[in-house]
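*Asks:* here is my input, please return the structure:
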Amino acid sequence: MIESKKRIYGWWAFDWASQPYNTLLLTFIFAPYIAQVLGDGTRAQSLWGYSIGAAGLLIAIAAPILGKIADHTGRKLPFIWVFSAFYVIGAWGCWFAAPDGMQIWVVLILFALGLFGMECATIFTNALMPDLGPRAQMGRISGTGWALGYLGGLVAMILMLGFFAENAETGRTLFGLSPAFGLDAAAREGTRAVGPFTALWYVIFMIPFFLWVREPHKPKPHSGPSLGQTMRQALPELARSLKSLRHHPSLLRYLLSSMFYRDALNGLYAFGGIYAAGVLGWSITDIGIFGILAIISGAVAAWIGGKWDDRFGPYQIIWWSVLCLTGLSLLIPFIGRDSLFGLALAEGSNLPSLMFYLIGIGIGAAGGIVQSASRHMMLRQADPAAITEHFGLYALAGKATAFLAPFLIAVMTSLTNSQNWGVTPLIMLFLLGLWLLRGVNADPRQHE
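*Replies:* Here you go, the predicted structure:
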């Protein structure tokens, strides 16, 4: 029993360790910093979209193949080690985003490498989930993991804002301090330290994972296929797996549904900071506070959502969460610096910022719930004999259209010349995800 609990605690450690890549780099600190340095919100949004889209394309290609290889070999932990190295290298590379003479493409390539490592490592940690406990507790285990991830992101955010990330105008952190360790505020070293900070956070907090998590089954004997043979077999078998999805309509429809609503949610996360900086004129400190509130709501909601998941099942949780995210997305275009829902406001009014804070809290809550429930829902849909492969397909579904939200946002922004209306394609993606979700069997294996 003690050993089983340690495995669960170790598995949760991955969520805690890896979340700062999303929280600090992808959304709330590094992304708006890039927008500030470039001084052009439109260009920053485009370059950010290209970087995320390129990483998403690589993940879409690699994820199902890697999953197939892991199912052949029976090994998952070696892959987690390798992709953890990518995570650390990519995160550390954000340090080189100096405001003077920055090689933007080098920085973005390193950032994309780390994002690729994080997403691929997640495939293999998700595939370890079925052996952590009984089926009836999967919702709670998944929800608690997401909640701990949000909590880890919150702690990391507070530390970064309080001791490192400086305000561009004052050179002081949220706590009114100079950046720690003598970092040069003029060179934005405090904010750029978000890269090494994220890398070191991961290295330290992954220690429980590698100490306590073990392969659930003995690796397949060495008399089996070599790695080269396995790789040659993986592509044809993956093609057969994709073809076989037509015989599993519920799994296919769920993969398609999650492909669109997760892409829309990732779009909200990826462009939230840049949007707030460009439309509302927020500083990194403002965006950081916004992020703290969203993370707290996400952590609490993911924990509560895990309990609801066990009681009502992941299908209902996903449906209502995506519906909520759709409604919140509908509000965003009507918030401007000097107007709210078409009504002009007095100059300097705080109402737009207050409304955006409330929307961010709602998105954090609904997003935390839907991501946890989606992981559990995939577990119900997947074939236990090919769990890593199917989570690879799940990652493929999550990244196959990773370019779509950034591309649609860029096109809509160009057509309307408005950041406000540029985010409206996300509404369409959420609605498409909801429509496809209608044909999904809530628990296709309940009678097996």
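*Asks:* the stretch 301-448 of the chain: helices as residue ranges?
*Replies:* For the stretch 301-448 of the chain, the helices defined by DSSP state H, counting those that start in this stretch occupy 314-331, 351-381, 387-400, 404-416, 419-422, 425-437.
*Asks:* and the strand or helix carrying residue 70, what does it pack against?
*Replies:* Assessed by DSSP states H and E, residue 70 sits inside helix 41-73. Packing contacts for helix 41-73, counted by 3 or more CB pairs under 8 Å, 6 or more residues apart in numbering; DSSP states H and E, involve helix 30-38, helix 104-127, helix 227-244, helix 249-279, helix 387-400, helix 404-416, helix 419-422. All C-beta spots, glycine's among them, are computed from the backbone N, C-alpha and C.
*Asks:* give me the angle between that helix and helix 30-38.
*Replies:* 140 degrees (axes from the mean of the first three to the mean of the last three CA atoms, to 10 degrees).
*Asks:* in the helix or strand just after helix 41-73, what's buried?
*Replies:* Once the chain leaves helix 41-73, the next helix or strand it forms, by DSSP H and E, is helix 77-92. Neighbour-count burial for helix 77-92 flags 77, 79, 80, 83, 84, 86, 87, 88, 90, 91, 92 (criterion: 16 or more other CB atoms under 10 Å).
*Asks:* export these to JSON lines and append columns for distance to residue 255 and pLDDT.
*Replies:* Shown next, in JSON lines, are the buried residues of helix 77-92 (distance: CB to CB, whole Å; pLDDT from 0 to 100):
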{"residue": "77", "distance to residue 255": "26", "pLDDT": "90"}
{"residue": "79", "distance to residue 255": "21", "pLDDT": "90"}
{"residue": "80", "distance to residue 255": "23", "pLDDT": "93"}
{"residue": "83", "distance to residue 255": "22", "pLDDT": "95"}
{"residue": "84", "distance to residue 255": "26", "pLDDT": "97"}
{"residue": "86", "distance to residue 255": "25", "pLDDT": "97"}
{"residue": "87", "distance to residue 255": "25", "pLDDT": "97"}
{"residue": "88", "distance to residue 255": "30", "pLDDT": "97"}
{"residue": "90", "distance to residue 255": "27", "pLDDT": "96"}
{"residue": "91", "distance to residue 255": "29", "pLDDT": "97"}
{"residue": "92", "distance to residue 255": "34", "pLDDT": "97"}
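*Asks:* I'd like to know which of those residues is nearest to residue 283.
*Replies:* residue 91 (22.9 Å; CB to CB).
*Asks:* list the contacts of the closest one.
*Replies:* Contacts here follow CB atoms under 8 Å, 6 or more residues apart in numbering; on that basis residue 91 touches 21, 25, 114, 195, 196, 198, 199, 202.
*Asks:* now those residues as a markdown table including pLDDT?
*Replies:* Shown next, in a markdown table, are those (pLDDT from 0 to 100):
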| residue | pLDDT |
| --- | --- |
| 21 | 95 |
| 25 | 92 |
| 114 | 95 |
| 195 | 96 |
| 196 | 97 |
| 198 | 98 |
| 199 | 98 |
| 202 | 98 |
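*Asks:* which of the residues you listed fall within helices?
*Replies:* With DSSP state H as the criterion, helices contain 114, 195, 196, 198, 199, 202 from among those.
*Asks:* what's the closest of those residues to residue 51?
*Replies:* residue 114 (10.8 Å).
*Asks:* the closest one: what's it in contact with?
*Replies:* Applying CB under 8 Å, 6+ apart to residue 114 gives the contacts 21, 25, 86, 87, 88, 89, 90, 91, 93.
*Asks:* ok, the third one - contacts?
*Replies:* Translated: residue 86. Residues near residue 86 by CB under 8 Å, 6+ apart: 113, 114, 116, 117, 118, 120.
*Asks:* just the closest of those residues to residue 239, please.
*Replies:* Residue 239 lies nearest to residue 120 out of the contacts of residue 86, by CB to CB, at 20.4 Å.
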